[in-house]
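*Asks:* Okay, predicted coordinates and the sequence, questions at the end:
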Amino acid sequence: MTEDQAYEDLTAYRLDDDDETKLLTLQDECTFMWATKEGWPVGVIMSFLWRDGHFWLTAAEHRARIHAVRRDPRVSVCVTSKGTKLGALKTVTYKGTCAVRDDDETKTWFYPALANHLIPGDADFAAHFARFLDSPGRVILEVTPTKRIDYDGVKMVGASMNWVAESQPTPEP
């Protein structure tokens with residue numbers, strides 16, 4: 001790698017499938033993005049659950065994001081490793097489609113699963129939180145990923161350190 005190529009091609013710094021799985025399992029927060037009716041991109045931080053290859057999130061039905069995804073189901077979800085035991089240098093963004101769910105079957109499994117994911121180790125509080133979530137004005141968002149854009153900064157740091165070490169002049173004897 002030459003100095004002028006050092007950070008231009010990031011394909012060597014892809015997130016391994018194992019690390020992606022760990023990231024999506026460990027993290028409980030993402031940036032959920034959609035387009036307004038004027039076409040502006042907008043995003044908010046939301047709690048999520050990764051299950052069976054889909055992102056599952058929830059919000060009150062009156063929120064602008066719910067109206068937006070009903071109008072145009074194309075969304076993006078970005079997840080970083082910040083705050084997890086993976087450190088702060090891994091990220092993955094997905095383009096996908098979003099379905100709005102409000103059926104009892106989905107609510108029955110989703111609210112307890114999300115509550116337990118967000119509140120591990122406290123089953124009583126998680127159960128209370130799940131009941132709190134199950135309100136008449138709440139819906140569930142199911143995002144089906146269609147494209148992945150990923151990055152592993154740990155790999156880039158390692159490559160950068162090697163590049164710097166290799167570019168240092170050899171001391172004269």
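*Replies:* Everything's here; your move.

*Asks:* going forward, measure contacts and count neighbours with C-alpha atoms only.
*Replies:* OK.

*Asks:* My guess is T31 contacts T91. True?
*Replies:* No. Between T31 and T91 there is no contact under Cα atoms under 8 Å: 11.3 Å.

*Asks:* All the strands of this protein, in order from the start?
*Replies:* For the chain, strands defined by DSSP state E occupy the ranges 29-35, 41-47, 49-51, 54-60, 74-80, 90-101, 138-152.

*Asks:* Please point out which parts of the fifth one sit buried.
*Replies:* Pointing back at strand 74-80 there. R74, V75, S76, V77, C78, V79, T80 (16 or more other Cα atoms under 10 Å).

*Asks:* re earlier: any chance of TSV for the strands of the chain, columns mean pLDDT?
*Replies:* Formatted as TSV, these follow (pLDDT from 0 to 100):
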stretch	mean pLDDT
strand 29-35	98
strand 41-47	98
strand 49-51	98
strand 54-60	98
strand 74-80	98
strand 90-101	97
strand 138-152	95
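
*Asks:* which residues touch stretch 109-124?
*Replies:* By Cα atoms under 8 Å, 6 or more residues apart in numbering, the list of residues contacting stretch 109-124 from outside reads 28, 47-49, 56, 125-127, 129-131, 133-134.

*Asks:* Let me know the closest of these to L86.
*Replies:* Distance to L86, by Cα to Cα, is smallest for D28 among those, at 13.2 Å.

*Asks:* Need the winner for burial among the strands of the chain.
*Replies:* The highest mean neighbour count among those, using mean count of other Cα atoms under 10 Å, belongs to strand 74-80: a mean of 22.
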